[in-house]
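Colleague: requesting a structural model of the entry that follows:
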Amino acid sequence: MHEMSLMNNLMNQIDAVASREGAERVVAVKVRLGALSHMSPDHFREHFTMASMGGIAASAELDIETSDDQQDPFAMDVVLDVVEIEVGKTMKG
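Modeller: Now for the predicted structure:
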């Protein structure tokens, strides 16, 4: 259940950026996995693939960083760092 909540929140953030910027598609996404998020990069990748299916970020390349800092205020979160988008024939990041 925790993973679903994290992924729904992340997809909402990505969709908001894409909508605000008038994106045709999301090209790449960079995230940071908190030490207490209970997600490995492979596990995150599986959940992202399922959560983005059919959406604007469906074919996005993933750049996944992991944190081992349990004292970080975002240790339980998946933090969205960068959304690279395509607008027309132009990429923005």
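
Colleague: pLDDT score for residue 18?
Modeller: If you check residue 18, the pLDDT there is 95.

Colleague: apologies, that question was intended for residue 49.
Modeller: We have a pLDDT of 95 for residue 49.

Colleague: may I have the phi/psi pair for it?
Modeller: For residue 49, the backbone dihedrals (degrees, to the nearest 10) come out as phi -60, psi -50.

Colleague: next one: residue 48
Modeller: Taking degrees, to the nearest 10 as the convention, residue 48 sits at phi -60, psi -40.

Colleague: next: residue 11.
Modeller: Residue torsions, per degrees, to the nearest 10, at residue 11 are phi -60, psi -40.

Colleague: surely it touches residue 52?
Modeller: Yes: Residue 11 lies in contact with residue 52 (C-beta atoms under 8 Å); the separation is 6.7 Å. Backbone N, C-alpha and C define where each C-beta goes, glycine included.

Colleague: who's more crowded, the two?
Modeller: Using other C-beta atoms under 10 Å as the criterion, residue 11 and residue 52 rank with residue 52 on top: 21 against 17.

Colleague: which ones are touching the more buried one?
Modeller: 11, 14, 58, 60 (C-beta atoms under 8 Å, 6 or more residues apart in numbering).
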